[in-house]
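**Student:** Sequence first, predicted coordinates after that:
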Amino acid sequence: MSRTASAEQAEAVAGTGSEVPAIATSGLHKAYGARVALHDLTLRVQPGEVFGFLGPNGAGKTTAMKILLGLVRPSGGEALVFDRPPAEPAARRRVGYLPEHFRFQEWATGEELLDFHGRLAGMGAPERAGRIPELLERVGLAGRGGERVRRYSKGMTQRLGLALALLHRPDLVLLDEPTSALDPVGRREVRELVRELADAGVTVFLNSHLLTEVEAVCDRVAIVSQGRVVASGPLDDLAGAVTQLRVLADRVDRQLLALLGRHGEVARVEGTAVTLAVDTLDVAPDLARLLVTSGYRLYGLVPVQRSLEDIFVDLVGEVREG
Amino acid sequence: MSVLVVARWTVLEARRRRLLLAGVVLSVAFVALFVVGFYLLYRTQQRALLEEQATGAGPPGGFDAREELLAMSTILVILGLYGVQFLAALLGLFLGVASVSPEIDSGALHAVLARPLSRLQYLLGRFLALAGLLAAYVVVMSGALLLTARVVAGYQPGDALRVVGLMILQVLILLAVSLLGSTVLPTLANGVVMLVLFGLAWLGGIIGFVGTIPPGNELMANLGTAVSLLLPADAVWRGASYYVLPPSFLVATSFAGGGGDLEFGLPFGSTTPMAPAMLAWALAYPVACLTLAVAAFRRRDL
């Protein structure tokens, strides 16, 4: 895999705008005793970007996010949020956060919780009075704000968490697995919400192990595994890095594989379908002609874009084996 | 500002969790019991003494009826206040133990501390709200007891303000130390540690008291002091109890001196004021606990 990220690459991919980045980390490291949660994380997220932080459970995603919020102290390296260290309370003024487990004070009502957080975020009384009902409505909790959080379902609690994260109209929103408790409809609503935020110029940093979610909304992704970034870049670049052709013939034999091998690298053989990794799709017409003249009956020759899932499984698998 | 927001939230929490309601109901019951008990005992004793006096069968060479009634009132008031300080102390410990670590364990703190709120502000808000509730509790309860004694028996403590002030200090000490524990220990472990410390401080007071029983035992007295340094809660209560004693009673005590057969040395109170050094230590103690709590909490990963 040529996209294994190093610090330089991450920066190159992110571009070098003169704008203050929403998030900038360099060599971020966190160890809990002997266990290293995060190795050398270097990231740059520009304002207005929707950034997907992708990785299996336990990859260090939540640790990274907590460092960006000042909840966890890094053991090494540096993190900056809008150019300020997140341990400073003022640095968190423009930041909204949905925690992974979205646990809130259960004795309070949804409205009380929003009011408390609004006060902490420095919102005035009129602003809170306008914003809280509007947000409850937006996340689908209209009419439920007066109930205790204890009585909320998991999905409702996560929706409340989203409202809390967006309460003070932050410039940067950190969402840690924002749809883990939601049904498919809820997931789609969150995707729409993220797109709306992006349209409004809000930077979104999304932790997820749900590939479709990331694929649907993110401009750029970083894939982390065991505390390291194993790939990062714009989604299209990552997904398009390797092009594949799916060849459907009447039979698969050694001669066919040899023929195909001349034009690319055979990735998989499933029944009479062969997946061939090629440098460019331009080989397809030639390949079709060659197969037909060699006596094969060709049922299909389809370019395949690799899904994020394929890339993810390849990368994460490599790291685990290595 | 943020400190006040957290403090307000903490008071709301106490209300919502029915802590205030439970506290008020139990306290009203306690005060009612004291009022009834004090009134009945006082009246009965008063009547008996008046009858004795009328038949000329007063105690030989001892106090007259008024002094004896005063002695009884004093003991009852000290016992009542001892109950108040015990309840307030347990409340302080529980509130302190429940102040931070349960919110860390449940994860409810993550969203809160991700706000532009420093850990110092959070801890200070928590402490101030709980301290306010506890102080109000002590004022109302001890005020009710002292008022009862005054109305029923015309009882005047040596210095009511100092009594209440020191009792508040005692509760703040316990709140601060258990809040410190709450930032570094899991809830249950902290609860156990705090109860042991509290028991130890109480035992230290008893040991110190035994050490003062004539002819006196310096080693035991020192041991008591050493334990008090670890947690000066009981020492502060003893300091408070000294000011419960009415001035005339103090005089009588010193006259009764060595040969007196009355129980002037109270195991749960003190007939001597608090040493200034101990008072200084007791005042510094909650400040030190809070400072340590902030330092520890700042370093803690959530």
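**Tutor:** Nice, thanks for sending it over. In this text, all values refer to a predicted model and were calculated from it rather than measured experimentally.

**Student:** didn't B:G83 look like it was pressed against B:F30?
**Tutor:** Yes: look at B:G83 against B:F30 with C-beta atoms under 8 Å: they come within range, at 6.7 Å. Placement of C-beta: from N, CA and C, glycine included.

**Student:** give me the beta-bridge partners of the residue nearest the centre of chain A?
**Tutor:** Taking C-alpha atoms, centre = their mean, the centroid of chain A lies closest to A:G52, which sits 2.2 Å from it. On the basis of DSSP bridges, A:G52 is bridged to A:L206, A:V221.

**Student:** So it sits against A:S208, correct?
**Tutor:** Yes: using C-beta under 8 Å, A:G52 is in contact with A:S208, at 6.4 Å.

**Student:** Would you mind listing the residues touching both of those two?
**Tutor:** Common neighbours of A:G52 and A:S208 (criterion: C-beta atoms under 8 Å, 6 or more residues apart in numbering or on different chains): A:V214.

**Student:** mind showing which ranges of the chain have poor pLDDT?
**Tutor:** No chain in the question, so chain A it is. Applying pLDDT under 70 to chain A flags residues A:1-18, A:239-242, A:305-307, A:318-322.

**Student:** I was after chain B.
**Tutor:** If you take pLDDT under 70 as the line, chain B has these spans: B:56-63, B:249-265.

**Student:** nearest spatial neighbour of B:R126, skipping sequence neighbours?
**Tutor:** B:S99 (5.0 Å; C-beta to C-beta, 6 or more residues apart in numbering or on different chains).

**Student:** For that neighbour, give its distance to chain A.
**Tutor:** 13 Å (C-beta to the nearest C-beta, to the nearest Å).

**Student:** what about that residue, is that helix, strand or coil?
**Tutor:** coil (DSSP: H, G, I helix; E, B strand; the rest coil).

**Student:** For it, which residues are in contact?
**Tutor:** B:126-127, B:130, B:178-179, B:182.

**Student:** can we see that at 10 Å?
**Tutor:** Residues in contact with B:S99 (C-beta atoms under 10 Å, 6 or more residues apart in numbering or on different chains) are B:10, B:13, B:123, B:126-127, B:129-130, B:175, B:178-183, B:187, B:190, B:293.

**Student:** One more: B:L219?
**Tutor:** B:207, B:211 are the contacts of B:L219 under C-beta under 10 Å, 6+ apart.

**Student:** Would you check that A:L164 makes contact with A:G96?
**Tutor:** Yes: counting by C-beta atoms under 10 Å, A:G96 is a contact partner of A:L164 at 7.6 Å.

**Student:** shared neighbours, the two?
**Tutor:** Counting by C-beta under 10 Å, 6+ apart, the common neighbours of A:L164 and A:G96 are A:117, A:121, B:111, B:114-115.

**Student:** Identify, from the residues you listed, the entry nearest to A:L281.
**Tutor:** For those, the minimum distance to A:L281 (C-beta to C-beta) is 46.4 Å, reached by B:A114.

**Student:** any idea how far that closest one is from B:L292?
**Tutor:** 24 Å (C-beta to C-beta, to the nearest Å).

**Student:** of these two, who's got more company?
**Tutor:** Counted by other C-beta atoms under 10 Å in any protein chain shown, B:A114 and B:L292 do not tie: B:A114 has more neighbours, with 27 against 16.

**Student:** Might one say that the more buried one is in contact with A:V81?
**Tutor:** No: taking contacts as C-beta under 10 Å, B:A114 lies outside contact range of A:V81: 11.0 Å.

**Student:** Common neighbours of those two, please.
**Tutor:** A:68-70, A:92, A:95, A:174.

**Student:** Could you identify the buried members of the residues you listed?
**Tutor:** A:68-70, A:92, A:95, A:174 (16 or more other C-beta atoms under 10 Å in any protein chain shown).

**Student:** Restricting to those residues, which residues neighbour chain B?
**Tutor:** Among those, proximity to chain B is found for A:68-70, A:92, A:95, A:174 (C-beta under 10 Å from any C-beta of the partner chain).

**Student:** Export the top helix by length along chain A to PDB, keeping only CA atoms.
**Tutor:** Longest helix of chain A, by residue count under DSSP state H: helix A:184-199. The C-alpha trace of helix A:184-199 is given here as PDB (Å, rounded to 0.1, in the frame of the first residue of the first chain):
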ATOM      1  CA  PRO A 184     -31.400   3.500   9.900                       C
ATOM      2  CA  VAL A 185     -33.800   6.500   9.700                       C
ATOM      3  CA  GLY A 186     -31.900   8.200  12.500                       C
ATOM      4  CA  ARG A 187     -28.600   7.500  10.800                       C
ATOM      5  CA  ARG A 188     -29.800   9.100   7.600                       C
ATOM      6  CA  GLU A 189     -31.000  12.100   9.700                       C
ATOM      7  CA  VAL A 190     -27.600  12.500  11.200                       C
ATOM      8  CA  ARG A 191     -26.000  12.300   7.800                       C
ATOM      9  CA  GLU A 192     -28.300  15.100   6.600                       C
ATOM     10  CA  LEU A 193     -27.400  17.100   9.700                       C
ATOM     11  CA  VAL A 194     -23.700  16.700   9.100                       C
ATOM     12  CA  ARG A 195     -24.200  17.900   5.500                       C
ATOM     13  CA  GLU A 196     -26.100  20.900   6.700                       C
ATOM     14  CA  LEU A 197     -23.300  21.700   9.100                       C
ATOM     15  CA  ALA A 198     -20.800  21.400   6.300                       C
ATOM     16  CA  ASP A 199     -22.900  23.700   4.200                       C
END
